[in-house]
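Student: structure for this input, please:
(one chain, ligands or ions: 1)
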Amino acid sequence: MSELNLVILGPPGAGKGTQGERLAEESDLPYYATGDILRAAVKEQSELGREAEQYMDNGDLIPDELISAAIKERVDGREAADGFVLDGFPRTRPQADVLDSILGDLGRHLTAALLIDTPDEEAIRRLSGRRICQENGHLYHVDFNPPKEEGRCDRDGSELIQRDDDKPETVKRRLEVYHEQTHPLIGHYDDRGLLKRFDGGRPPGEVHEHIRATLATLRLEDEL
Ligand SMILES: [Zn+2]
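Tutor: Purely as a prediction, here's the structure:
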């Protein structure tokens, strides 16, 4: 297999970012997270950044065309010639069609869609337990990585707070949106035989090994 064109799917809190970055680093592929692309574009004040910023300032969703253009630029770049790991795109069924046509225009196709799944209760437990230090952004978790003194950062003593994004009500809403949007997407990839499922409830090292083994099998099948 000459290319590994991958998308990572999964609910918030499933560890997509961790797995995506690790996989990309190990396979020597670029990792593209939509959120990072947009934040970087805004910082650079590129054309995309300036347009995206207007939507963000108004609290509106960024339109598909804008994100699609950014993704196309990345996928078509020299850096992604051997493949890529996409996280955060596609997020909806129409976006999946856009990705198919971007790749089709380049004579390429998706290798696999990796779904890292986690039950909602587990995602809520992971996300709503996160705490961040106000001073320097150090991260903690009330169950998995608690500070020595409750509510205080070990490193600088500043107060630990819960981000709005991690409040239980917000997390529940994010999960609802995820299920609504992503369910058809999962079906789409499953129908095409591209979906590979992983248990995001397992320790990150195990999930990573499972993904590696799956990709190795895909490569073998491709060579036969
Ligand atoms: Zn701190």
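
Student: any regions of this structure where pLDDT drops low?
Tutor: For the chain, the stretches with pLDDT under 70 are 1, 224.

Student: those helices in it, which residues are they?
Tutor: Taking DSSP state H as the test, the helices found in the chain are 16-27, 34-44, 47-57, 64-75, 93-105, 120-128, 168-191, 204-223.

Student: as a markdown table, these with distance to residue 198 and mean neighbour count would be great.
Tutor: The way it works is simple: take the backbone N, C-alpha and C, and place the C-beta from them, glycine included. Formatted as a markdown table, those follow (distance: least, C-beta to C-beta, whole Å; neighbours: other C-beta atoms under 10 Å):
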| stretch | distance to residue 198 | mean neighbour count |
| --- | --- | --- |
| helix 16-27 | 8 | 18 |
| helix 34-44 | 20 | 15 |
| helix 47-57 | 31 | 15 |
| helix 64-75 | 23 | 17 |
| helix 93-105 | 19 | 15 |
| helix 120-128 | 14 | 18 |
| helix 168-191 | 13 | 15 |
| helix 204-223 | 5 | 14 |
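
Student: any chance of the ones you listed in JSON lines, with distance to residue 9 too?
Tutor: Listed next are those as JSON lines, based on distance: least, C-beta to C-beta, whole Å:
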{"stretch": "helix 16-27", "distance to residue 9": "8"}
{"stretch": "helix 34-44", "distance to residue 9": "13"}
{"stretch": "helix 47-57", "distance to residue 9": "23"}
{"stretch": "helix 64-75", "distance to residue 9": "15"}
{"stretch": "helix 93-105", "distance to residue 9": "10"}
{"stretch": "helix 120-128", "distance to residue 9": "14"}
{"stretch": "helix 168-191", "distance to residue 9": "6"}
{"stretch": "helix 204-223", "distance to residue 9": "13"}
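
Student: now render those helices as CSV, adding distance to the ion.
Tutor: As requested, those are arranged in CSV below (distance: least, C-beta to the ion, whole Å):
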stretch, distance to the ion
helix 16-27, 21
helix 34-44, 22
helix 47-57, 27
helix 64-75, 33
helix 93-105, 37
helix 120-128, 20
helix 168-191, 23
helix 204-223, 23
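
Student: any idea how far the residue sitting furthest away from the middle of the chain is from the ion?
Tutor: Using C-alpha atoms, centre = their mean, the residue of the chain lying farthest from its centre is residue 149. It sits 32.1 Å away. For residue 149, the distance to the ion equals 12 Å [C-beta to the ion, to the nearest Å].

Student: quick one, phi psi at that residue?
Tutor: The phi/psi pair for residue 149 (degrees, to the nearest 10) reads phi -110, psi 130.

Student: going forward can the numbers begin at 19, since that is how I track them
Tutor: In the new count, where the first residue is 19, that last one comes out as residue 167.

Student: residues contacting the most centrally placed residue in the chain?
Tutor: Residue closest to the mean C-alpha point of the chain, counted by C-alpha atoms, centre = their mean, is residue 105 at 3.3 Å. Contacts here follow C-beta atoms under 8 Å, 6 or more residues apart in numbering; on that basis residue 105 touches 25, 26, 34, 35, 38, 49, 50, 51, 52.

Student: what's the farthest-apart pair in the residues you listed?
Tutor: 25 and 35 (13.6 Å; C-beta to C-beta).
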